[in-house]
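Peer 1: Predicted model follows, preceded by the sequence.
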Amino acid sequence: MDDFEPTIIAFVCNWCTYTAADLAGTSRLTYPKNVRLIRVMCTGMVDPQYVIKAFLEGADGVLVSGCHPGDCHYINGNFKARRRIKLLKEILPQFGFEPQRLRLTWVGASDGIQFAEIIRELVNQLKALGPSQAKLKMVI
Ligand code: FES
C-alpha cells in the first residue's frame, strides 16, 4: 500500500479553522490534498453520528477543528465538542477504527500555517496506520 493516500473528512468551524484554511490557500501555503472540508457554524454542532458516518463511508481520518477554548462564538460549543470527541475515541474501536484516526484541534482564523501543518501531520499519521477497515471492506 505504498501509494495509499488517506481521505480525511474535516468538520471545520466557520469562524476560525475554515478561515485559517482559506488563509492557507490565499497565502499559497501547500498542504496535502487529502482533506475534504465541511464547514459548520461551530464544532458544537458536529453530531457524533456525522463522525461515525464519515468513517463508515470510507474516511480514513476525521478532523474536527474549531475555535480556541474561550473563543467559541456560541460560548461553549467547542467544550461540548471536546467532550463528544473524548467519548467517540472510546467507542470507535467497537466499530473497528483506531481512535488515532479521529483528531480534535483548535485553529484560530489567523493560523493558516498551523492548519497546513496539522493536515500534513494527520496525513503522515494516517499513512502509517494504513487504510481504514471500512475502506478495506469496500475494496473486497
Ligand atoms: S464558534 Fe468556533 S468552535 Fe464554536
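Peer 2: It's in.

Peer 1: So for the closest residue to Val107 other than its chain neighbours, what's the pLDDT?
Peer 2: Distance criterion CB to CB, 6 or more residues apart in numbering; nearest residue to Val107, sequence neighbours excluded, is Thr17 at 4.3 Å. Yep, even glycine has a C-beta here, placed from its N, CA and C like the rest. Thr17 is assigned 98 on the pLDDT scale.

Peer 1: I'd like the distance from stretch 113-129 to the chain centre, please.
Peer 2: Between the centre of stretch 113-129 and the centre of its chain there are 10 Å (CA atoms, centre = their mean, to the nearest Å).

Peer 1: Repeat that for stretch 95-114.
Peer 2: With CA atoms, centre = their mean, you get 5 Å for stretch 95-114.

Peer 1: okay, how far is it across it, tip to tip?
Peer 2: Its first and final residues considered, stretch 95-114 spans 30 Å by CA to CA, to the nearest Å.

Peer 1: if you look at it, does any of it touch the ligand?
Peer 2: No. Applying CB under 6 Å from any ligand atom, one finds stretch 95-114 separated from the ligand by no less than 8.1 Å.

Peer 1: That stretch: which residues count as buried?
Peer 2: Applying a neighbour-count criterion of 16 or more other CB atoms under 10 Å, the buried positions in stretch 95-114 are 97, 101-109, 111-112, 114.

Peer 1: and what of stretch 121-128?
Peer 2: The neighbour-count check on stretch 121-128 (16+ other CB under 10 Å) flags 122-123, 126-127 as buried.

Peer 1: among the residues you listed, which two are most distant?
Peer 2: For these, the farthest-apart pair by CB to CB is Leu122 and Lys127; their separation is 9.6 Å.

Peer 1: Check what pLDDT the residue nearest the centre of the chain gets.
Peer 2: By CA atoms, centre = their mean, the chain has its centre lying nearest to Leu63, at 0.8 Å. The model reports Leu63 with a pLDDT of 98.

Peer 1: Now for the closest residue to Ala21 other than its chain neighbours, how many residues are close by?
Peer 2: Leaving aside its sequence neighbours, Ala21 sits nearest to Phe115 (CB to CB, 6+ apart; 5.3 Å). The local packing of Phe115 (other CB atoms under 10 Å) involves 30 other residues.

Peer 1: Right, I'll call it a day here.
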